[in-house]
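**Student:** Please work out how this folds:
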Amino acid sequence: MPARSPRGAAGIGRPAVLAGSLALLAAGPAGAQTVIQNDSVIDFGNVAIQAGFVADERAAAWLTATCEGDLIAVRVLWLSLLGGQPDVLGQAVTISEPGTFPVPGAVLRELLGPVMQDGFFNEFPVVPGIPMTIGQRVVVDFQFLFDPNPLGPSVVTDVDGCQAGSNGIFAIPPSAWFNACALGVSGDIAIRGVLDCELPIFYDGFESGDLGGWSSTVP
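**Tutor:** This next block holds a predicted model:
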């Protein structure tokens, strides 16, 4: 089983979000979108680029819904040390039931042939969306099609510690799932989900909001 070690820290010199994802952030009146994540990566912050992968290996994040709604997109941060590297074809981005950590459960969606762009959170729509309830977990993993170039882009972790039960790696050999923390990965994998959350509605049909100005007087 290959050792896992970060290539080093690299500052994110550009906003870590795809320009094409901005339209998804414009929520309509029926819901509000929120990002679910384990990692603490921020724009212009430090990250660890994980260089120890080989073809067919997978990096996974166990994500927990913070609202009730549909999982409508997933995001994978893809970064090189120097930036500006050519696009890379991945094998798949897979969304699964939580299973028994560190092994994901039944596959819910498989997004084949993701094209990864250097320097961004690459976002992939999930159509149709996957319904989720508050506290429900889902696994999102990225599978490599090729060995990463030693100086090229790869998946990324934050640098403030690896949370138990939240990060997994499918390693070859021995073609099995492992707790990423146990393999020496020192941060949380920057793979996220986007939920289109349902807003709670009162019995009278009004959307929830600030009730401080409401009167309790019945006419």
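**Student:** Can I take it that residue 182 is in a strand?
**Tutor:** No - counting by DSSP: H, G, I helix; E, B strand; the rest coil, residue 182 is not found in a strand; it is helix.
**Student:** That one: neighbouring residues, count only.
**Tutor:** 14 (other Cβ atoms under 10 Å). No exception for glycine: its C-beta is placed from N, CA and C like everyone else's.
**Student:** Ok, residue 111 next?
**Tutor:** When neighbours are counted by other Cβ under 10 Å, residue 111 comes out with 17.
**Student:** can you tell me which residues contact it?
**Tutor:** 74, 92, 93, 94, 95, 124, 126 (Cβ atoms under 8 Å, 6 or more residues apart in numbering).
**Student:** Next one, pLDDT for the closest residue to residue 86 other than its chain neighbours please.
**Tutor:** Nearest-residue entry for residue 86: residue 118, 7.7 Å, with adjacent residues in sequence omitted and distances by Cβ to Cβ, 6 or more residues apart in numbering. Per-residue pLDDT puts residue 118 at 95.
**Student:** same check, this time on the one 3 residues further on
**Tutor:** Among the per-residue scores, residue 121 holds a pLDDT of 96.
**Student:** hmm, which helix or strand of this protein has the shakiest average pLDDT?
**Tutor:** strand 6-11 (a mean of 36; mean pLDDT, DSSP states H and E).
**Student:** picking up where we left off before, who wins for neighbours among the contacts of residue 111?
**Tutor:** residue 74 (29 neighbours).
**Student:** Poorly predicted segments of the chain, please.
**Tutor:** For the chain, applying pLDDT under 70 flags the ranges 1-31, 200-219.
**Student:** what are the ranges of the helices in it?
**Tutor:** Assigned by DSSP state H, the chain shows no helices.
**Student:** follow-up on the earlier one: same list, the contacts of residue 111, but as TSV with distance to residue 134 please.
**Tutor:** Listed next are those as TSV, based on distance: Cβ to Cβ, whole Å:
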residue	distance to residue 134
74	19
92	28
93	24
94	23
95	18
124	24
126	19
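**Student:** just curious, which of the residues you listed is nearest to residue 147?
**Tutor:** Closest approach between the contacts of residue 111 and residue 147, by Cβ to Cβ: residue 92, at 16.3 Å.
**Student:** So in terms of bridging, what pairs with the closest residue to that closest one other than its chain neighbours?
**Tutor:** Using Cβ to Cβ, 6+ apart and skipping residues adjacent in sequence, the residue nearest residue 92 is residue 143, 4.7 Å away. For residue 143, the beta-bridge partners are residue 58, residue 92 (DSSP bridges).
**Student:** show me the contacts for residue 143.
**Tutor:** 56, 57, 58, 90, 91, 92, 93, 94, 170.
**Student:** pretty sure residue 123 contacts residue 74?
**Tutor:** Yes - assessed by Cβ atoms under 8 Å, residue 123 is found in contact with residue 74 at 7.3 Å.
**Student:** so what sits against both of those two?
**Tutor:** With Cβ under 8 Å, 6+ apart as the test, residue 123 and residue 74 both reach residue 194.
**Student:** who does the longest strand seen in the chain touch, helix- and strand-wise?
**Tutor:** Ranked by residue count, the top strand of the chain under DSSP state E comes out as strand 120-132. In terms of contacts (3 or more Cβ pairs under 8 Å, 6 or more residues apart in numbering; DSSP states H and E), strand 120-132 is packed against strand 69-79, strand 92-96, strand 107-112, strand 191-198.
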